[in-house]
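Visitor: need a structure here:
(2 chains)
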Amino acid sequence: MKIFTCIKQVPGVSEVKIDPKTNTLVRKGIPSITNPMDNNATELALSIKEKHGGEVIALSMGPPQAEEVLRQALAMGADEAYLLTDRAFAGADTLATSHTLGLAIKKILKDSGDEKKYLVICGTQAIDGDTAQVGPELAEELGLPQITYVQKCELKGDKIITERVFRSEETVIIESKLPALISVLKEVNDPRFPTMTGIVNAHEEMEVKYLNANDLKAGKENIGLTGSKTEVFKIFIPEKKGKHVVLEGSVEEMVQQLCNNLKEDKLL
Amino acid sequence: MSITVDSELCSGCGACVASCPYGGIEVIDDKACITEDCNLCGACVEACTMDAIIWTKEEVGIEKVDLSQYKGVWVIAEHYKGNIHKVAYQLLGKGRELADTLHVSLTLVILGDAFDDQLEELSMYGADEIIYVKSKILKNYYSDLYTKTLTELITENKPEIVLIGATATGRDFAPRVAKRLNAGLTADCTGLEIDSKTNNLFQTRPTFGGNIMATIRTPNSRPQMATVRPGTFKKPEAKKRKVNIRQIDYDYSEKDSVTKIVKVINREKSKVNLEDAEIIVAGGRGVGKKENFKIIEELAEAIGAEIGGSRVTVELNWIPQDQQVGQTGKTVTPKLYIACGISGAIQHLVGMENSDIIVAINKDPSAPIFNVAHYGIVGDLHKVIPALIENIKKVKSAED
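Guide: Below you'll find the predicted structure:
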């Protein structure tokens, strides 16, 4: 059984800083990392493989430097890794991204003899975009049942049994036959750290295979910016609202003034 | 599709570098160069004062959709234990505004099994029409049945805008419906308005994990779909109005779904209810460590508040996930919000900036939280909070 895990390379901070003097973005020194929930996805794929057998295949779409997150997945124990990279993929919204990922999964399945039983695992959302859309859209692309927001998961025969979070006071046990797609929350497991041997193997022995638009026989109208239905009209740093009163004086004076103000506002 | 730099025109001023959220343009030898990180967003094109950046969009045989056949604004409701989720009411408020601007009708869509008695109440929040899809099985949420039903309804009725709550349910079916319709979908919008020139929906959301806002549009296809987090817009006043009700009966059975609900597990409702809290005391990275959160708890107790936290405090397991305020947590609108040691990244601000009064305590005077605060105290929270607690106790005991 093939277990696909979809990985995104993201900036290694949960928020980009703004230089208060120039009002521009500070990018220097921000490392790129694997989107944290995608490590949970890879961990789940590996633990299913260890129990039930199969192959773990890591996929990522991004610029060539995204190869690094795939090397990390290989170091954790993934069997194969594919980087979908092409200038034609740039500027993709979630619709175009899910199409591209879907084409790659279909190609890999086809090249390996059309396996019918497989599982796709994604992180629920990425920390840079926070949309949580690629998982469900990829499920639709592949025509698979989807279970999102998964916090527990096990495989039983040809079924996947999950615990899905709806709200803090309600979770639902949902099962689905394979093939299926699930998207996981960080609660699903604790991702392993790669071993030394794993890291060495991933960088020296194993290969990250590149797939471009031609390899995927992707139609230009469905990928990248052209294939996107949404487009960024403008990007802006919000203006300061300037309604702030910064209190002055010693701690005691400031606190007193605050309490007086809050009392006037009938909040105390 | 490409972005290129005309090196004759480029003055090497670097305005484009500052404007790029992706690090996709650099100045090398006094000329701007596009790097591999370019995401073709076009921010640099606008920033360039020399008109040296050229954005070419090729026309590849994209089918042109006749946009004019799409009319009307839809709000899709979701429900839990027989009650419509409050985000639907909030969306009706915003939806009414959009529908009025466009001079079209507003429709509320409910998929459920026992809302007959609630339709009258539901018709008071601005909708012109309610489509009520009735089926026993829709008492529960099924991803695929929602997708199938909504896709069919949208294809048949052609609304131009579809608004959905950004809940764990809405964020499950909205992308699936969008994909089946081949429609654009923007997640977690904090602002929605109609572009007066094109009648396109401008969908504004925080992006790049935090400090930047992006306005997204869906210029060439319909419907324009957007999800909105609960608490972003206000529920309108109830008013009696004439509403056309269309009931559609569906004969679904459990076998029609590819997934099977095995069991619903109810937990004790979380004791913290941030969305309805009148006062919230929230801590951020500046609190320092988990043990220090005690000081936040003490302040909350003194002033009678619920406790919240920024994203990082949840990531570090200082507080539970359901207490997170911000884009990936809760959106809150209390009467008083006290932010302690929170710097104020956009992704946090969008979750609390509509609070009536905001107090910020932070030792960094340039922290963006001060831009939205009504009262700011620049200082070490470990000194300020104990003094504040003492003062609050004094005020309270004077009242007794």
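Visitor: mind showing which ranges of the stretch 51-200 of chain B have poor pLDDT?
Guide: Within the stretch 51-200 of chain B, the stretches with pLDDT under 70 are B:57-64.
Visitor: what number of residues lie near B:T218?
Guide: By other CB atoms under 10 Å in any protein chain shown, 28 other residues sit near B:T218. The way it works is simple: take the backbone N, C-alpha and C, and place the C-beta from them, glycine included.
Visitor: Bridged to the closest residue to it other than its chain neighbours, which residues?
Guide: In space, and not counting its chain neighbours, B:T218 is closest to B:G184: 3.6 Å by CB to CB, 6 or more residues apart in numbering or on different chains. Beta-bridge pairing for B:G184 (DSSP bridges): B:Q224.
Visitor: wait, what's in contact with B:G184?
Guide: A:D93, A:L95, A:S228, A:K229, A:T230, B:A178, B:I216, B:T218, B:S221, B:Q224, B:M225 (CB atoms under 8 Å, 6 or more residues apart in numbering or on different chains).
Visitor: Closest one of those residues to B:G308?
Guide: Taking CB to CB as the measure, B:G308 lies nearest B:I216 of the contacts of B:G184, at 28.1 Å.
Visitor: Do I have it right that that closest one meets B:D195?
Guide: No. Judged on CB atoms under 8 Å, B:I216 makes no contact with B:D195 at a distance of 11.6 Å.
Visitor: what sits in contact with each of those two?
Guide: B:F202.
Visitor: neighbour count winner among the two?
Guide: Comparing B:I216 with B:D195 by other CB under 10 Å, the one with more neighbours is B:I216, at 24 against 13.
Visitor: Quick check: which element contains that one?
Guide: Using DSSP states H and E, B:I216 maps to strand B:212-217.
Visitor: In space, what's closest to B:K158 - neighbours in sequence excluded?
Guide: The shortest distance from B:K158 to any non-neighbouring residue, by CB to CB, 6+ apart, is to B:Y70 (4.6 Å).
Visitor: repeat for B:G284
Guide: Residue nearest to B:G284 in three dimensions, not counting chain neighbours: B:I342, with 3.2 Å by CB to CB, 6+ apart.
Visitor: burial of the closest residue to B:G309 other than its chain neighbours, as a residue count?
Guide: Distances taken as CB to CB, 6+ apart place B:I319 nearest to B:G309, at 4.3 Å, with adjacent residues excluded. Neighbour count for B:I319, taken as other CB under 10 Å: 22.
Visitor: which residues does B:I319 contact?
Guide: If a contact means CB under 8 Å, 6+ apart, then B:I319 has B:G283, B:F293, B:I307, B:G308, B:G309, B:T313 as its contacts.
Visitor: would you list every one of the helices in the stretch 301-400 of chain B?
Guide: Applying DSSP state H, counting those that start in this stretch to the stretch 301-400 of chain B gives helices spanning B:311-315, B:346-352, B:369-372, B:381-399.
Visitor: so of these, which one's packed in deepest?
Guide: helix B:346-352 (a mean of 28; mean count of other CB atoms under 10 Å in any protein chain shown).
Visitor: Now do that helix: which elements does it pack against?
Guide: Applying 3 or more CB pairs under 8 Å, 6 or more residues apart in numbering or on different chains; DSSP states H and E, one finds that helix B:346-352 contacts strand B:201-207, helix B:369-372.
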